[in-house]
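Peer 1: Just to be clear, the model below is a prediction. Sequence and coordinates:
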Amino acid sequence: MSVNVDLLVSARRIYSVDEGFSFAECMAIRDGHIVAIGRRNDIEASYQARQKRDFGQAFIYPGFIDPHCHFLSFGYVLQRADLFGSKSWEEAVERLADHAARRDDYWVQGRGWDQNEWSPREFPTKDLLDRAFPSNPVFAIRVDGHAAMANTKALSLAGIDEGTVVDGGIIAKSDDGSLTGLLLDNAVSLVKNAIPVPDDATKRQALEVAQSRCFAVGLTSVSNAGTELDDLLLMDKMQDGGGLGIRIYAMLAASQANIERIASRGPLLKDRLTARSFKMYADGALGSRGAYLLEPYADDPTNRGLLTLNPKELERVCGIASENGFQMNVHAIGDAAVRLVLDVYEKFLSPGNDQRWRIEHAQIIHPDDLRRFGELAVIPSVQTTHATSDMGWTENRLGPSRMGRAHIYRQLLEQNGWLANGSDFPIEKIEPLRGFRSAVFRKDDAGLPEGGFHVENSLTREQALRAMTIWAARANSEEADKGSLEVGKWADFTVLDTDLMTSGEDALWKAKVLATGVAGSILFDRGRE
């Protein structure tokens, strides 16, 4: 006698990504969960479904998870001037002007410029901004979010003048002492805080558009790195009302409001919204020379980067997290920042713990600190696309002698036997398949360099898939509910036209997402758009 279920989903091959990395052909789904998975003939003989969906010769994977991104910020980026790929500062300013001409905003905002893509590779000044925008404040954030350009009007509204100083940040000045408009790391917040907070309608639109883009690239879960209390409450309200279907792991900004409202009550654990971690920043980014290094930058010998937090404050928040069952997720790119975070973590983590405290990015690691990831069970939350996006100038920053410390993903994986791989979007493009390709082949979107970039630290295809599914879920302590296609787990899945495990390398650059399902509901369907 057949058992009634809601949906049968079948395909040429279903990668369960369970412990044995087993294959299947069909899944039976009821109430959003997988109740059976196996051979198609067996499942169809045992289960009677109200609906069936056969994806033919396609391939099904666990829903892709991005364990480190800026989900709400991505939604905002889509509302503002797109400066990604600008070939010069002049082009970036032109894009800002074109954007402003189509809108009636007082503050003109954009994001995505990168001086490393220009010739010469130099930071801009605000002169062009002042000429183009004499009356409106302008704020243009660099691709990595750790640097920004502001015009004179914006600097004035933020109360920034030649005498302003900020811990963990730089307000750049020219040789005559005048402001250039460039802000680095903590100085960026001075202008951010002067901009009116978007209203709920704007936030809702940003979240809805970001969600739609995520589903289209196969993402079923995202970890929003740095979530304010008001934004968390809105996400919760939208999910309760059905307006937000994507699963969100909200890393909380370590603000007093979050500590008082959330941490003191214990983790927030819902089907599609989790808040049980704090996100902090130990340093800046390598591209803007803000990553905190043990030795000076090779291309700036007077500079070691920026420490953007007080170690005592990090220790205080770690203590609160430890007492309340919260995870710590600290941004640390430079080897000095990584060492500092490990030193503080060591005060709270004993060998063999299962707290899963993380270091976000972990781009530059001193050899003496590598083993400490395993000893303290600290999880590297990496973005393999950073290696291939930055490879054109990483050696300029570090010099040849330190390249063995950079983007050492295989060595990091070996410390605990697993790691999580995300994108950091909108700093990188949103597509998780880019991270898979960068992890396995160490090549950029154009398939370069021909032999790969430092391929000794590449991952296998299976490792790369696990890092964006089950290991990403494990990094959030959510592997019991998602990350693999197994009986009892949520039926979150991604359908591709390509076999990531066996297809030729060239085919992976052409792979397309055909459908994305969350809790058995198909929320993106390329064939039915």
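Peer 2: Arrived safely, thanks for sending.
Peer 1: and after the longest strand along the chain, which helix or strand comes next?
Peer 2: Counting residues, the longest strand found in the chain (DSSP state E) is strand 3-15. The helix or strand immediately downstream of strand 3-15 is strand 23-30, counting by DSSP states H and E.
Peer 1: And for that next one, what's in contact with it?
Peer 2: 3-16, 34-40, 42-44, 46-47, 49, 60, 485, 491, 493, 520 (CB atoms under 8 Å, 6 or more residues apart in numbering). (Glycine included, C-beta is placed from N, CA and C.)
Peer 1: Mind giving me the ChimeraX command for buried ones among those?
Peer 2: Buried residues among the contacts of strand 23-30 (16 or more other CB atoms under 10 Å), as a ChimeraX selection:
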select :5,6,7,8,9,10,11,14,15,16,34,35,36,37,38,40,43,44,47,49,60,485,491,493,520
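Peer 1: which stretches of the protein have low pLDDT?
Peer 2: Applying pLDDT under 70 to the chain flags residues 1, 529.
Peer 1: Walk me through the domains of it.
Peer 2: 3-63+489-528, 79-192 (automatic domain parsing).
Peer 1: and Gly305, which of those is closest to it?
Peer 2: domain 79-192 (9.0 Å; CB to CB).
Peer 1: can you give me the strands for the stretch 151-300 of the chain?
Peer 2: Secondary structure of the stretch 151-300 of the chain, counting by DSSP state E, counting those that start in this stretch: strands at 169-173, 179-185, 219-227, 247-253, 268-269, 273-281.
Peer 1: Any chance of JSON lines for those, columns distance to Thr516 and mean neighbour count?
Peer 2: Output for the strands of the stretch 151-300 of the chain, formatted as JSON lines (distance: least, CB to CB, whole Å; neighbours: other CB atoms under 10 Å):
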{"stretch": "strand 169-173", "distance to Thr516": "39", "mean neighbour count": "19"}
{"stretch": "strand 179-185", "distance to Thr516": "35", "mean neighbour count": "24"}
{"stretch": "strand 219-227", "distance to Thr516": "6", "mean neighbour count": "27"}
{"stretch": "strand 247-253", "distance to Thr516": "12", "mean neighbour count": "26"}
{"stretch": "strand 268-269", "distance to Thr516": "24", "mean neighbour count": "14"}
{"stretch": "strand 273-281", "distance to Thr516": "18", "mean neighbour count": "24"}
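Peer 1: For Thr202, which of the ones you listed is the nearest?
Peer 2: strand 219-227 (16.6 Å).
Peer 1: Let me know the angle separating the closest one from strand 247-253.
Peer 2: Going by axes from the mean of the first three to the mean of the last three CA atoms, to 10 degrees, strand 219-227 is angled at 10 degrees with respect to strand 247-253.
Peer 1: of the domains of the chain, which approaches Gln239 most closely?
Peer 2: Short answer: domain 3-63+489-528, nearest of the domains of the chain by CB to CB, at 11.4 Å.
Peer 1: and the closest one, how far from the chain's centre?
Peer 2: The gap between the average C-alpha position of domain 3-63+489-528 and the chain average comes to 25 Å, counting by CA atoms, centre = their mean, to the nearest Å.
Peer 1: Kindly report the same for stretch 91-107.
Peer 2: Chain-centre distance of stretch 91-107: 27 Å, with CA atoms, centre = their mean.
Peer 1: next one: stretch 155-162
Peer 2: Per CA atoms, centre = their mean, the centroid offset for stretch 155-162 relative to its chain is 31 Å.
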